[in-house]
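Student: fold the following and give me the result.
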Amino acid sequence: MASFPEEPLNLSAADGFGYFPADINQTLHDGKYTIVRKLGWGPRSSTWLVMSEGDEDEPYAAAKVFTVSASKGVETSLLPVLQNELDPVDVSFAGIEDSFWEESVHGKHMCFVNPEYGLPLSGVLREAMSNSLRHAGLPVHSVQFTVVTVLEALEELHQEKVMHSGIKLENLAFLAPADVEDELEEHLAETPPGKAEFIDGFPTVRSQPLANYEVRWDDSMRDVTDWLLELVGFGHVQVPPYAPEREHDYNSAPETLLGNPTCGLSTDVWMLGCLAFELVTGTKLFTSTGTPSEQLGEIRDVLQDTIPDAWQGDPNVQALQDPNTSVESLEERLRRVLNKCEATEMSAFLRKCLVIDPAARQSARDLRDDDWLKFASQKCSCYYEVPRDVSRL
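Tutor: Sure, this is the predicted structure:
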């Protein structure tokens with residue numbers, strides 16, 4: 001069997017896939033768009049930078065092409081939300097600019113067109129983790145700024161009862177500004193796409209995220225507040241009635257681990273808490289890959305929280321083992337990378353997000369006013385200076 005460096009282009013819709021086998025300079029939508037380079041791919045789509053025919057003001061966009069396996073469901077469930085419910089939401093990258101069908105050897109693919117964006121925040125976190133002088137994630141002030149960025153988007157979405165469902169590291173990215181002296185044009189000229197390699201008859205193109213906007217992991221607060229960071233990844237948004245998608249990862253939100261799983265706006269808040277922990281430590285808070293009951297047990301022990309009375313009849317709750325009192329608590333894990341004061345302050349914030357009972361979690365609006373986030377803007381930038389010994393991304 002051929003080995004593909006990224007998405008398995010040879011697997012069909014019958015296998016649960018059917019990725020779009022695109023090539024550079026290929027046209028889409030009857031010639032309206034021309035593929036310039038590949039930006040990335042995920043479990044059910046690939047994303048391509050395209051040039052729009054005749055659009056001189058905003059010539060570039062990102063075309064997300066879904067697998068044949070996912071396309072029908074996307075058309076019936078996701079497309080109406082993006083076209084209708086997200087229309088009044090003032091959040092970048094929410095909604096779509098265009099949609100159309102494209103055909104390949106695997107069948108028909110649903111395609112969305114959105115504004116393009118650049119490097120993911122995950123690259124900045126990797127740089128921080130690779131620094132030999134420290135064994136931690138991003139500085140606290142960078143995490144606080146990121147949390148505020150996400151909360152601003154969630155407040156807008158939740159006001160319209162829209163659940164994002166994907167508050168994860170891979171869904172935070174920096175803009176790729178194209179309005180300063182043709183910066184994006186220059187970047188594309190300096191880093192042209194590689195030629196496609198044919199494997200099993202399929203053109204195989206490697207991803208090249210736009211990298212014309214750069215930041216440092218150790219930027220001071222003064223610089224961090226200028227980060228062009230955005231919440232992206234609206235491929236799993238929901239409106240009422242909310243229901244967990246099968247095999248979608250909600251960062252082990254307890255309500256999604258029940259025998260009768262549920263989800264809602266508070267699930268986004270849980271995911272934000274998990275994201276903040278990962279950003280500051282560089283590690284996942286919850287690591288169990290066992291049964292839903294075992295995952296619930298880990299959550300209960302780490303948070304030292306109780307299972308809601310209303311869940312006691314659930315089979316996955318009834319299968320819980322006795323608490324493990326030797327498990328490190330949330331604050332103890334934060335103290336691995338933060339001093340005692342920082343760990344206590346951040347733990348207090350996270351405990352408003354990471355509550356087992358979703359009804360007891362604070363809302364995005366309430367969290368925006370939390371003291372932990374206000375505290376950041378009150379400190380002078382010198383408080384945030386750290387050794388600058390890594391190159392720009």
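Student: when you work out contacts or count neighbours from here on, use the C-alpha atoms and nothing else.
Tutor: OK.
Student: show me this protein divided up by domain.
Tutor: With domains defined by automatic domain parsing, the chain comprises 13-115+183-200, 121-178+210-375.
Student: for the first one, the distance to its chain's centre please.
Tutor: Put plainly, it is domain 13-115+183-200. 18 Å (C-alpha atoms, centre = their mean, to the nearest Å).
Student: can you map out the strands along the stretch 201-350 of the chain?
Tutor: 202-204, 229-231 (DSSP state E, counting those that start in this stretch).
Student: pick the most deeply packed of those.
Tutor: Mean neighbour counts were compared across these using mean count of other C-alpha atoms under 10 Å; the top stretch is strand 229-231, at a mean of 23.
Student: ok, back up a step: make CSV out of the domains of the chain and add distance to Phe4 and mean pLDDT.
Tutor: Conversion of these to CSV gives the following (distance: least, C-alpha to C-alpha, whole Å; pLDDT from 0 to 100):
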stretch, distance to Phe4, mean pLDDT
domain 13-115+183-200, 7, 94
domain 121-178+210-375, 21, 95
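Student: how about these in TSV, adding distance to Ser3?
Tutor: Listed next are the domains of the chain as TSV, based on distance: least, C-alpha to C-alpha, whole Å:
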stretch	distance to Ser3
domain 13-115+183-200	8
domain 121-178+210-375	24
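Student: quick one: closest of those domains to Glu6.
Tutor: Within the domains of the chain, the stretch nearest Glu6 is domain 13-115+183-200; the backing value is 7.7 Å (C-alpha to C-alpha).
Student: mind checking how far the lengthiest helix in the chain is from the chain centre?
Tutor: The residue-count maximum for a helix in the chain (DSSP state H) belongs to helix 140-159. Between the centre of helix 140-159 and the centre of its host chain there is 13 Å, according to C-alpha atoms, centre = their mean.
Student: gap between Pro177 and Gly118?
Tutor: Relative to Gly118, Pro177 is positioned 9 Å away (criterion: C-alpha to C-alpha, to the nearest Å).
Student: more neighbours, these two?
Tutor: Relative neighbour count places Gly118 above the other of Pro177 and Gly118, with 21 against 17, counting by other C-alpha atoms under 10 Å.
Student: identify the bridge partners of that one.
Tutor: Gly118 has these beta-bridge partners by DSSP bridges: Leu210.
Student: put together JSON lines for the strands of the stretch 201-350 of the chain, with distance to Leu279 on each row.
Tutor: As requested, the strands of the stretch 201-350 of the chain are exported to JSON lines (distance: least, C-alpha to C-alpha, whole Å):
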{"stretch": "strand 202-204", "distance to Leu279": "32"}
{"stretch": "strand 229-231", "distance to Leu279": "14"}
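Student: and stretch 309-318, how far apart are its ends?
Tutor: Length of stretch 309-318, first residue to last, C-alpha to C-alpha: 12 Å.
Student: likewise stretch 183-199?
Tutor: For stretch 183-199, by C-alpha to C-alpha, the gap between its terminal residues amounts to 34 Å.
Student: what residues of that stretch count as buried?
Tutor: For stretch 183-199, a neighbour-count test (16 or more other C-alpha atoms under 10 Å) marks 184, 187, 193 as buried.
Student: contacts made by it with the rest, please.
Tutor: 2, 4, 23-24, 36-38, 176-178, 203-206, 208, 211-212 (C-alpha atoms under 8 Å, 6 or more residues apart in numbering).
Student: make a PyMOL selection of the buried ones in the residues you listed.
Tutor: Once 16+ other C-alpha under 10 Å is used to decide burial, the buried members of the contacts of stretch 183-199 can be selected in PyMOL as follows:
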select buried, resi 4+23+24+36+37+38+176+177+178+203+204+205+206+208+211+212
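Student: please flag which of the contacts of stretch 183-199 sit within helices.
Tutor: Of these, none are assigned to helices by DSSP H.
Student: and the most centrally placed residue in the chain, how far from Leu121?
Tutor: The residue lying closest to the centre of the chain (C-alpha atoms, centre = their mean) is Asn171, at 2.0 Å. Asn171 sits 8 Å away from Leu121 when distances are taken as C-alpha to C-alpha.
Student: before we move on, the earlier item: the longest helix of the chain: which residues count as buried?
Tutor: 140-158.
Student: what do you get for stretch 76-87?
Tutor: Within stretch 76-87, judged by 16+ other C-alpha under 10 Å, the buried ones are 78-79, 81-83, 85-86.
Student: Throw these into JSON lines and include distance to Tyr60 and secondary structure, thanks.
Tutor: Output for the buried residues of stretch 76-87, formatted as JSON lines (distance: C-alpha to C-alpha, whole Å; DSSP: H, G, I helix; E, B strand; the rest coil):
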{"residue": "Leu78", "distance to Tyr60": "23", "secondary structure": "helix"}
{"residue": "Leu79", "distance to Tyr60": "22", "secondary structure": "helix"}
{"residue": "Val81", "distance to Tyr60": "24", "secondary structure": "helix"}
{"residue": "Leu82", "distance to Tyr60": "20", "secondary structure": "helix"}
{"residue": "Gln83", "distance to Tyr60": "21", "secondary structure": "helix"}
{"residue": "Glu85", "distance to Tyr60": "25", "secondary structure": "helix"}
{"residue": "Leu86", "distance to Tyr60": "22", "secondary structure": "coil"}
